[in-house]
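K.L.:
just the structure for this:
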Amino acid sequence: MTRFRKPLLLAAVLALILVCFFAPFLWIVSNSFKPQLGIFSDVTPISWRTFLPLDPVAENYRSLFARTNILHALLNTAIVAAGQVALTLLLCSMAAYALTRITFRGAKAVFVLILLTFLLPVEALLVPLYQVVSGLGLSNTLTGIMIPWIASPFGLFLLKQAFEELPRDLEDAARIDGAGHVRIFVSVILPNVKVPLLTLGLVTFLFSWNSFLWPLVIAQSPDAQVIQVAIAQQGSPTQLPNWGETFAGATVATLPLILLFLLLQKYFTQGMAMSGIKG
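P.N.:
Coordinates of the predicted model:
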């Protein structure tokens, strides 16, 4: 019996972890199919009714798409996330190449200074970022939402680790053939770091899609509203929020992230392992 205890204990621990992570999302989806009174009546005591709608209704989703600009907000969020991913990959890959393949005085100091920006809380950056972005005339624009975050210290760290692990033989052969830095970067380096690039792209997409505070500050116009802000601003300040509609919006906003992660989870875990980051 002793040899079966460890697998059973491990299975129990994994099941508990799965429940802790999956239960909140199941609760959100369940409440999105309940009327307002059903949401409150099933909160306590916690039972199977809390996580499974007894008489599911689709009214919350019909109201969400008919009454709000949720589709426009989804499109804005997708544009911002895609643009931020593309610009982050471009900027961080070029910076990582410069720090690993070009010798110059103070390279280590530059890298350390960039990593130190991890210590700065987002809240402390809001006012100066708002002044800079507004001064450039980018407030209430999708460009203004994405631009401040394309220089990612995490992205630089991840790609620098990946670039340093690449052997130099292919680069030396390319230099003998007369290749310069641009050709080596495009034809030799980037094709060999696809997994870290995909990992950084996925992390950046998740960060951009879930952003709330900065888009709320810099984009007050409904035309530039992203999905997280649109969900938070549903309803009227003088009326009780329609929680079923809010849960429906949260479900709609979460599904693309789940699908994306399921498709790319292999590259995400591989990239984290290659970077030396431990979860």
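K.L.:
domain assignment for this structure?
P.N.:
Split into domains by automatic domain parsing, the chain comes to 2-57, 68-275.
K.L.:
lowest average pLDDT across those domains?
P.N.:
When these are ranked by mean pLDDT, domain 2-57 comes last with a mean of 79.
K.L.:
sorry, back to before: so which of the domains of the chain is the most packed in?
P.N.:
Comparing these on average neighbours per residue, with mean count of other Cβ atoms under 10 Å, the densest one is domain 68-275 at a mean of 17. For the C-beta atoms, the positions are set from N, CA and C on the backbone; glycine is no exception.
K.L.:
tell me where the chain has strands.
P.N.:
Per DSSP state E, the chain carries no strands over any range.
K.L.:
and the residue nearest the centre of it?
P.N.:
Residue closest to the mean C-alpha point of the chain, counted by Cα atoms, centre = their mean, is Leu206 at 1.3 Å.
K.L.:
make sure that residue is actually in contact with Pro256.
P.N.:
No. Applying Cβ atoms under 8 Å as the test, Leu206 and Pro256 come out as separate, 10.3 Å apart.
K.L.:
which phi and psi does Ser47 have?
P.N.:
phi -150, psi -170 (degrees, to the nearest 10).
K.L.:
for Ile39, what are its contacts?
P.N.:
The contact partners of Ile39, by Cβ atoms under 8 Å, 6 or more residues apart in numbering, come to Asn31, Trp243, Gly244, Phe247.
K.L.:
circling back to that earlier point, what's the closest non-adjacent residue to the residue nearest to the centre of the chain?
P.N.:
Nearest residue to Leu206, sequence neighbours excluded (Cβ to Cβ, 6 or more residues apart in numbering): Leu257, at 6.3 Å.
K.L.:
next up, the contacts around that neighbour.
P.N.:
So Leu257 contacts Leu206, Trp209, Asn210 (Cβ under 8 Å, 6+ apart).
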